[in-house]
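In: Attaching a predicted model along with its sequence, questions to come.
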Amino acid sequence: MTYDRMPHELTLPSGQRLRSFRLDDLDQLVDVINADLDHLRPWMPWAQEPATAESEAEFLKSSLRNWSAGTDFVYAVLDDDGAILGGVGLHSRPGPGALEIGYWLRAGAQGRGLATAATRVLAEVAASYDEVHEVVICCDEANVRSAAVPRRLGFTLSRVEEREPLAAAETGWHQVWTMPTAVVRAGWPD
Ligand SMILES: CC(C)(COP(=O)(O)OP(=O)(O)OC[C@H]1O[C@@H](n2cnc3c(N)ncnc32)[C@H](O)[C@@H]1OP(=O)(O)O)[C@@H](O)C(=O)NCCC(=O)NCCS
């Protein structure tokens, strides 16, 4: 299943923008990842080695390809001045009828509710597709800060699966959090 009409830009209630990644994000993206590598390496498979212009150009090109193919939609989280605060995305990898949300923030952008707000906005986009019945968030069970995002929004911990660890601090116990889109459409739980 593929998705069209995905918005290229979304605004969080607190004013920051989610904007689809562009090729001209390259220099800033390399700098941001490398400045926060120690923060990202424990949990992000793509941050096990320093970012390079080549690795991030490939990421940006594949992001454009996947957007055109209608399978994956990754956004930069941008501050008022266009500074990249992190990245979030919607992914069709869970299979038909479900979209998965992923996120990372710069260390200095944590603690302001940005990942939670971005997840909420992306879940609402997912719920705008009649054929999507579930939003999914996956994280390693040791990644307490990541798990707090779906918990805060009222997702259910549906299952824990054993997987090959892909990032430095992962235990391999992979939590799968889910939220029915019917709940999002009806209004978020308190
Ligand atoms: C996972 C990650 C995005 C979570 O970031 P975060 O800042 O904890 O999450 P949020 O942006 O939603 O902010 C929540 C925090 O802001 C606070 N907050 C302030 N205003 C808030 C608001 N309006 N709404 C929600 N939370 C708010 C919350 O109390 C919470 O603080 P706490 O951690 O002291 O309890 C971040 O830790 C990260 O990038 N980690 C490295 C990469 C990673 O692990 N990615 C996920 C892989 S599965």
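Out: Sure thing, it's come through. Numbering: from 1, shown residues only.

In: which phi and psi does the residue nearest to Gly154 when sequence neighbours are not counted have?
Out: Nearest residue to Gly154 in three dimensions, chain neighbours excluded: Pro189, at 3.8 Å (C-beta to C-beta, 6 or more residues apart in numbering). Glycine gets a C-beta too; all of them are placed from N, C-alpha and C. Per-residue torsions, Pro189: phi -60, psi 150 (degrees, to the nearest 10).

In: repeat for Ala148
Out: Torsion angles, degrees, to the nearest 10, at Ala148: phi -60, psi -20.

In: What helix or strand is the closest residue to Trp46 other than its chain neighbours located in?
Out: Of all residues not flanking Trp46 in the chain, Phe59 sits nearest, at 7.2 Å (C-beta to C-beta, 6+ apart). Under the criterion of DSSP states H and E, Phe59 resides in helix 53-69.

In: The helix or strand following that helix - contacts with which helices or strands?
Out: Downstream of helix 53-69, the first helix or strand assigned by DSSP H and E is strand 72-78. Judged by 3 or more C-beta pairs under 8 Å, 6 or more residues apart in numbering; DSSP states H and E, strand 72-78 is in contact with strand 17-20, helix 53-69, strand 84-91, helix 114-127.

In: could you dump those to TSV with distance to the ligand and mean neighbour count?
Out: Output for the helices and strands packed on strand 72-78, formatted as TSV (distance: least, C-beta to the nearest ligand atom, whole Å; neighbours: other C-beta atoms under 10 Å):
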stretch	distance to the ligand	mean neighbour count
strand 17-20	13	20
helix 53-69	15	15
strand 84-91	6	21
helix 114-127	3	21
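
In: Out of those, flag the one nearest Arg5.
Out: Evaluated with C-beta to C-beta, the helices and strands packed on strand 72-78 place helix 114-127 nearest to Arg5, the distance being 9.7 Å.

In: okay, the angle between that closest one and strand 72-78?
Out: 140 degrees (axes from the mean of the first three to the mean of the last three C-alpha atoms, to 10 degrees).

In: Run the chain-centre distance for helix 114-127.
Out: Remark: helix 114-127 is offset 9 Å from the chain centroid, using C-alpha atoms, centre = their mean, to the nearest Å.

In: Counting by contacts, list what it packs against.
Out: Secondary elements touching helix 114-127 (3+ C-beta pairs under 8 Å, 6+ apart): strand 9-11, strand 17-20, strand 72-78, strand 84-91, strand 98-105, strand 134-140, helix 144-153, helix 181-186.

In: 7 Å instead?
Out: Judged by 3 or more C-beta pairs under 7 Å, 6 or more residues apart in numbering; DSSP states H and E, helix 114-127 is in contact with strand 84-91, strand 98-105, helix 144-153, helix 181-186.

In: Ok, which of those comes nearest Ala76?
Out: The nearest among the helices and strands packed on helix 114-127, by C-beta to C-beta, is strand 84-91 at 5.0 Å.
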